[in-house]
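J.: Need a 3D model of the following:
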Amino acid sequence: MRIDRLIAGWKGAALGLGVTGGWLLADLLLPEPWGDYFLFGALAVVNVAAGWKLAVLHAEKEREASEVRPVGAGSAVPSESD
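T.: Numbering: from 1, shown residues only. Here you go, the predicted structure:
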C-alpha cells in the first residue's frame, strides 16, 4: 500500500511538471498582452475543473466509507471491520 502511494505521488509530480511546462510554453508562444489574458482565464478554468473533480472523488470516498455493510457481505475474505 505504501509503495502505491509513493508511485501515485511521483505520477502526480510528473503530471504537474508537464502541465507547468505546457503553460510556460504557451506563455512564450502567445503575443504579449493577449497571451496573459488568455492564460489567466485558462488557468482559472483548469483549476476549477480540477477542484471540482477532487471534491467529487472525495465525496465518493466518504460515501463508500460511510456505507454500512452487513457481516459477510462483499468479498469472500473477511476484513478487519467484519
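J.: Quick one: list the elements packing against whichever strand or helix holds residue 47.
T.: Here residue 47, judged by DSSP states H and E, is contained in helix 32-66. Secondary-structure packing of helix 32-66 (3 or more C-beta pairs under 8 Å, 6 or more residues apart in numbering; DSSP states H and E): helix 2-29. All C-beta spots, glycine's among them, are computed from the backbone N, C-alpha and C.
J.: Next, the angle from the helix it packs on to helix 32-66.
T.: 160 degrees (axes from the mean of the first three to the mean of the last three C-alpha atoms, to 10 degrees).
J.: so where's this structure shaky on pLDDT?
T.: 1, 5, 68-82 (pLDDT under 70).
J.: what residue lies at the spatial centre of it?
T.: residue 54 (5.4 Å; C-alpha atoms, centre = their mean).
J.: can you tell me how far it sits from residue 47?
T.: To residue 47, residue 54 is 11 Å away according to C-beta to C-beta, to the nearest Å.
J.: ok, now residue 24?
T.: Residue 24 is 16 Å from residue 47, by C-beta to C-beta.
J.: Repeat that for residue 58.
T.: Distance from residue 58 to residue 47, by C-beta to C-beta: 16 Å.
J.: cool, residue 31 as well?
T.: From residue 31 to residue 47 the distance is 24 Å (C-beta to C-beta).
J.: again, but for residue 26
T.: 15 Å.
J.: Of the two, which one has the most company?
T.: residue 26 (13 against 10; other C-beta atoms under 10 Å).
J.: Was I right to think the more buried one contacts residue 40?
T.: No: using C-beta atoms under 8 Å as the test, residue 26 is too far from residue 40 to be in contact (11.5 Å).
J.: returning to that earlier point: what are the buried residues along the helix holding residue 47?
T.: Judged by neighbour count (16 or more other C-beta atoms under 10 Å), helix 32-66 contains no buried residues.
J.: If anything else comes up later, I'll come back, but that's it for now.
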